[in-house]
Structures are given as structure tokens and as C-alpha cells.
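*Asks:* Only the shape, not the letters, is given here:
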Ligand code: 1HN
């Protein structure tokens, strides 16, 4: 007869054993295995919406509290309610709302984390990236590639406000992050304004020369005017996807991939009355409505996302969106990183 293994120990005996191995920096996998490898993703984040009408006055109040220079970056962090104190909108993504007041400079620095800016309000505000300045306008999607010097400022007389999205939690997870301050508040301009758009922005790319930002797109301001026109051309074709409506992703013109190495970004349009079918994916998404109004139902929670409001749709949560008006919205997530690791998944119902 074949011998079968029989459990021989009670809880107290096992605990005594665990206490013996602990000083050797050893631990029993069988006590934690289920938690380490869940059968499917269970996001720690919850669905949530931040109304711009509530955020804006609070941010302007911070403008009276301290200067951009004192703060280095004057930002209200968008903290997922279930991840309070962690500076996370999802487990992997940082997001915040930044304010630069007239005459201010957010001083030049650089870091390993990649950043995106999605501009909510700006007339004449600028960011300089690696020696090239770009003027920011509402709806522009602006990239700060990892390792690039960047400073922001406003020489005109109105505040500028944008949403920041950074991959810093991914960088910190790998413990691979560096940060440096520039000797000057403003880096010097070594390129003409909009030079990168001239070189890379028309579906044609230079015959020679290296990618200036490695895996990040050489275009660092995807202007809303252009992106919106491209999107509306697709809408005009009239073949929406039942789950994603009309959507175009921001692409790196050098390789066709996502514009950023870790963060995926895209722009969507839903005509009034369009309701997407139930959908979920392994990337937690941050959504910013530029035009119109969208009602979301995510994980059974229903909320309205109005103009300039910011919402979060956690990873692997079922949900759908309905357009109360003709709507355009910007989305970012860690999908670009997940795809590079070969782990991104979606499900459609
Ligand atoms: C940063 O460098 C900026 O450059 C914004 O505007 C937000 C949050 C954490 C770390 C660095 C910016 C940031 C940040």
C-alpha cells in the first residue's frame, strides 16, 4: 500500500516552528501563498470622482499659502480614498492637480519618474523640457520624459492648472529613482520653441538622428486642437467600438507604440446618449473629461464626471460609461508598462 502523507502538527506546534525559523530570516510560504497569488486581481483602489468645482478653489487657496518655488511643485495630490496618505490614485499611479500663479516659476529639476500633464487651464503658461519650451493650452497632453530637465512658468496674468500623472510608484517599487535640482531656476533654452513638433509631428520623421528621449515620444506636447480634430475625423467615420466608443491613443511617431514607456494615454469621444458595454481591464484608469459630461457606473458605484472633473476606474472592476452630452475625455493608466511585461488583459461583456 502506498504511504499517504498525514498532517502531524497542530497550530501551536507550527507556530513554535515559525518562531524557530524567523531569526534565520525564513518564513513559511504556505501561510501566505493565497494572498501572494490571488486568483484574479483585487484592486486596493476604489472608484472615485473629484469635482473640479470643488478642487479649483482649494487649489487657488494653496496659491495664497505658499509660492510655487517654496513648494517646488504646488500640487494637491489626488489620493484614492482607500489609499489615503500614500499619494496614489491607483496602486501604481500618482496623480495631482498643480497650480502655477502669474509670475511664478516651478524650478528646474529632473528625475527618473516620467510625468504627464493634462492641461485644464492655461493661457500663456509654459513648460520647458530639455531646453525646449512649449506653451500649454487647455486639453494639451504634455510629457516630461524620464531624466529630462523641466521647469514650468507663467509670464501672463492668469493662473495655470493641470493634472499631473507620474509613474513614480513604479520607479520607487524598483528602488531605481534619482532626482536632481538644476543650478538655475529656469534652464536655458537650447532649442527653438516647438522644434520637436516641426521634426516629428506630421506623420513623417527625420531620416537620421537618434530618438532624443529613448523610449519616450520625441513629441512632448500633443496639442488638443490637433488631437481633437483627429478624433472627430474618426467619429465622422461612424464606427464606434461597443466597449470603448471612439478612441485614439497618443503614439510615439518613431515606433508607433505608446507615447510614454510606462503610462498609456488616449483620447475618447462618446456621442450624446452613447453607453458603453460592460468592460474591465487590468490597468486602473484615470479619466479627465474635457468636454461634455459622462455618467459612470463602476463596481456598482454610479457618479457623474463633468467638465474638468477627474475620475478613477480601478483595475479589473467592471464598469461602463454613458455620455449625457457629446463628450471628449482623456485617460491615462499603467497599461504601457503592463503590456511591456506581457500581463495586460481586458474582458468584455
Ligand atoms: C514633479 O516633478 C512635478 O515637475 C509634479 O511638475 C508632480 C510629484 C512627485 C514628484 C515629482 C512637476 C510631482 C513631481
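*Replies:* Cool, got the structure. As the structure is a computational prediction, the values presented were derived from the model and not from experiment. Residues are numbered from 1 along each chain as shown.

*Asks:* residues near residue 53, how many?
*Replies:* Neighbour count for residue 53, taken as other C-beta atoms under 10 Å: 11. Yep, even glycine has a C-beta here, placed from its N, CA and C like the rest.

*Asks:* Show me what the helix or strand hosting it is packed up against.
*Replies:* Per DSSP states H and E: residue 53 is located in helix 52-65. Helix 52-65 sits against strand 75-77, strand 94-100, with contacts defined as 3 or more C-beta pairs under 8 Å, 6 or more residues apart in numbering; DSSP states H and E.

*Asks:* Any chance of those in JSON lines with mean pLDDT as columns?
*Replies:* Converted to JSON lines, the helices and strands packed on helix 52-65 look like this (pLDDT from 0 to 100):
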{"stretch": "strand 75-77", "mean pLDDT": "98"}
{"stretch": "strand 94-100", "mean pLDDT": "98"}
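
*Asks:* how about TSV for these, with mean neighbour count and distance to the ligand added?
*Replies:* Below are these laid out as TSV (neighbours: other C-beta atoms under 10 Å; distance: least, C-beta to the nearest ligand atom, whole Å):
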stretch	mean neighbour count	distance to the ligand
strand 75-77	17	5
strand 94-100	23	6
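
*Asks:* Let me have those strands in JSON lines, adding distance to residue 31 as columns.
*Replies:* Below are the helices and strands packed on helix 52-65 laid out as JSON lines (distance: least, C-beta to C-beta, whole Å):
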{"stretch": "strand 75-77", "distance to residue 31": "35"}
{"stretch": "strand 94-100", "distance to residue 31": "32"}
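
*Asks:* How about the residues of this protein by the ligand?
*Replies:* Counting by C-beta under 6 Å from any ligand atom, the chain comes close to the ligand at 73, 75, 96, 98, 106, 115, 150, 152, 164, 166, 168.

*Asks:* Could you tell me which residues make contact with the residue nearest to residue 59 when sequence neighbours are not counted?
*Replies:* The shortest distance from residue 59 to any non-neighbouring residue, by C-beta to C-beta, 6 or more residues apart in numbering, is to residue 99 (4.9 Å). Residue 99 makes contact with 59-60, 62-63, 68, 74-75, 159-161 under the criterion C-beta atoms under 8 Å, 6 or more residues apart in numbering.

*Asks:* Most neighbours among those, which one is it?
*Replies:* residue 160 (28 neighbours).

*Asks:* Ignoring the adjacent residues along the chain, who's closest to that residue?
*Replies:* residue 125 (3.3 Å).

*Asks:* What is the helix or strand containing residue 233 packed up against?
*Replies:* Using DSSP H and E, residue 233 sits in helix 224-237. Under the contact definition 3+ C-beta pairs under 8 Å, 6+ apart, helix 224-237 sits against strand 246-249, strand 264-270.

*Asks:* Can you say which of those strands is packed in most?
*Replies:* strand 264-270 (a mean of 24; mean count of other C-beta atoms under 10 Å).

*Asks:* angle of that one against helix 224-237?
*Replies:* If you take axes from the mean of the first three to the mean of the last three C-alpha atoms, to 10 degrees, strand 264-270 sits at 50 degrees to helix 224-237.

*Asks:* Output the contacting helices and strands for strand 264-270.
*Replies:* By 3+ C-beta pairs under 8 Å, 6+ apart, strand 264-270 packs against helix 224-237, strand 246-249, strand 319-323, strand 327-333, helix 335-341.

*Asks:* quick check: angle from it to strand 319-323?
*Replies:* 50 degrees.

*Asks:* and the direction of strand 264-270 versus that of strand 327-333, what angle?
*Replies:* For strand 264-270 against strand 327-333, the angle by the same axes, to 10 degrees is 160 degrees.

*Asks:* about what we covered before: format the helices and strands packed on helix 224-237 as CSV; extra columns: distance to residue 309.
*Replies:* Formatted as CSV, the helices and strands packed on helix 224-237 follow (distance: least, C-beta to C-beta, whole Å):
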stretch, distance to residue 309
strand 246-249, 19
strand 264-270, 15
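
*Asks:* and residue 52, which of these is closest to it?
*Replies:* strand 264-270 (18.2 Å; C-beta to C-beta).

*Asks:* average pLDDT for the very next helix or strand once past that closest one?
*Replies:* Counting by DSSP H and E, the next helix or strand C-terminal to strand 264-270 is strand 279-281. Mean per-residue pLDDT for strand 279-281: 98.

*Asks:* What are the contacting residues of strand 279-281?
*Replies:* 243-244, 315-320, 335, 344-349.

*Asks:* what mean pLDDT does the helix or strand following it have?
*Replies:* Next along the chain after strand 279-281, taking DSSP H and E as the criterion, comes strand 285-291. Mean pLDDT, computed over strand 285-291, is 98.

*Asks:* Between strand 264-270 and the helix or strand that comes right after strand 285-291, find me the angle.
*Replies:* Next in sequence after strand 285-291, counting helices and strands by DSSP H and E, comes strand 294-298. Orientation check (the same axes, to 10 degrees): strand 294-298 against strand 264-270 gives 120 degrees.

*Asks:* quick one: strands adjacent to strand 294-298?
*Replies:* According to DSSP bridges, strand 294-298 has the following sheet partners: strand 301-305 (antiparallel), strand 319-323 (antiparallel).

*Asks:* hang on, residue 335 packs against residue 345?
*Replies:* No. Counting by C-beta atoms under 8 Å, residue 335 stays clear of residue 345, with 10.3 Å between them.

*Asks:* since we're on residue 72, how many residues are nearby?
*Replies:* Neighbour count for residue 72, taken as other C-beta under 10 Å: 12.
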